[in-house]
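A.B. asks: Build the 3D model from these lines:
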Amino acid sequence: MEADEQLEEEIERTTSGVKIRIAQMAGPAQAQPSYHLPKMFRVGEHIGSEDRRTEFKEGAGFIKNDFRSNVAKYVSAFINCHENGRLFIGVKDNGDVKGYEMNQTLEDKMRRDIDEAIKDITPNIYPKDYSVDFIPVADENEYVSDGNRSVWYSVVICITVLGDRINTKGKLYSTRQGTFMRRDGGVQTLSAQDFHSFYQEKYQTKRTSLERNIQELLDTTREQQKEIEQLKRHQVENATVQGTVASKQTIEEIKTLRSIIESQHKKSKVCSIS
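C.D. replies: Here you go, the predicted structure:
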């Protein structure tokens, strides 16, 4: 096993519960791919920057000031932009991990609050289209609590929403507080004019697509009509050729019949003279 993959776990029992010391043998934690969440963060670890797919919230104010509405706002904004987005709670705006202190009872409550917040969004979003992770945060000494319901520990809460899978029909998803759209590093509340522009663009796109499809059908119809006309001409030409051949055959048959009649007439004259 490589040195940077070797972890030494030192279990230290304390009066408040159990703490685990994580000592990595070489270097800081490596940056994780956007689609993969690490099993643990460290205080002060830099995990990236905010963009259309990523939002950081330090924690206290976001959670204490109408947490349910805040979650619904950011989740719906990701969906309206057709983005697979992640909302990290316990991370500073600059992307440095801070962590948020909680115990198991509070974690259970927050999970319920997050589910209720997502239920506030319309149209409906189903559990398979989002996930909630509470990722442990190690302190400066690289300790992370692993206690029971009474022990406080630090976490980063990550809400992942699969916006591009949810919003396949170009709808606008709304919350009780309004309708929101994700912008780089923030969220925009949609006004009446924004709604008008959104649907105007949506239906203009549909109209352009329909017009293109109609034009393709017309072009195909013209090509098929040309093929039909060519088939008709070939049929007429074939009929003409066949008619000419038939006419020649008929003329030859008439000549042959006339010769037979004339021959029989001559024979009848000879018989009458004799």
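A.B. asks: In this structure residue 190 contacts residue 177, no?
C.D. replies: No. Residue 190 is beyond contact range of residue 177, at 11.5 Å (criterion: Cβ atoms under 8 Å). C-beta here means a position set from N, CA and C on the backbone, and glycine is covered the same way.
A.B. asks: out of these two, which sits in the busier spot?
C.D. replies: Neighbour count, other Cβ atoms under 10 Å: between residue 190 and residue 177, residue 190 has more, with 18 against 14.
A.B. asks: Name the SS class of the closest residue in space to that one that isn't next to it in sequence, please.
C.D. replies: With Cβ to Cβ, 6 or more residues apart in numbering as the criterion, residue 190 has its nearest non-adjacent residue at 4.5 Å, and that residue is residue 179. Counting by DSSP: H, G, I helix; E, B strand; the rest coil, the backbone at residue 179 sits in strand.
A.B. asks: tell me the contacts of residue 179?
C.D. replies: Applying Cβ atoms under 8 Å, 6 or more residues apart in numbering to residue 179 gives the contacts 76, 80, 172, 173, 189, 190, 195.
A.B. asks: do residue 107 as well
C.D. replies: So residue 107 contacts 134, 155 (Cβ under 8 Å, 6+ apart).
A.B. asks: Distance of it relative to residue 38?
C.D. replies: 18 Å (Cβ to Cβ, to the nearest Å).
A.B. asks: again, but for residue 86
C.D. replies: 13 Å.
A.B. asks: So which of these two has more stuff around it?
C.D. replies: residue 86 (21 against 15).
A.B. asks: if I pick that one, what's in contact with it?
C.D. replies: Residue 86 touches 34, 53, 54, 55, 158, 159, 160, 161, counting by Cβ under 8 Å, 6+ apart.
A.B. asks: residue closest to the middle of the protein?
C.D. replies: residue 164 (3.4 Å; Cα atoms, centre = their mean).
A.B. asks: Sheet-wise, list the partners of the helix or strand where residue 137 lies with their directions.
C.D. replies: Assessed by DSSP states H and E, residue 137 sits inside strand 130-138. As defined by DSSP bridges, the strand partners of strand 130-138 come to strand 41-42 (parallel), strand 153-162 (antiparallel).
A.B. asks: Now the following helix or strand past the longest one: average pLDDT?
C.D. replies: Tracing the chain past strand 153-162, the next element assigned as helix or strand by DSSP H and E is helix 163-166. The average pLDDT within helix 163-166 is 85.
A.B. asks: Show me what helix 163-166 is packed up against.
C.D. replies: Contact here means 3 or more Cβ pairs under 8 Å, 6 or more residues apart in numbering; DSSP states H and E; on that basis helix 163-166 packs against helix 67-80, strand 84-89.
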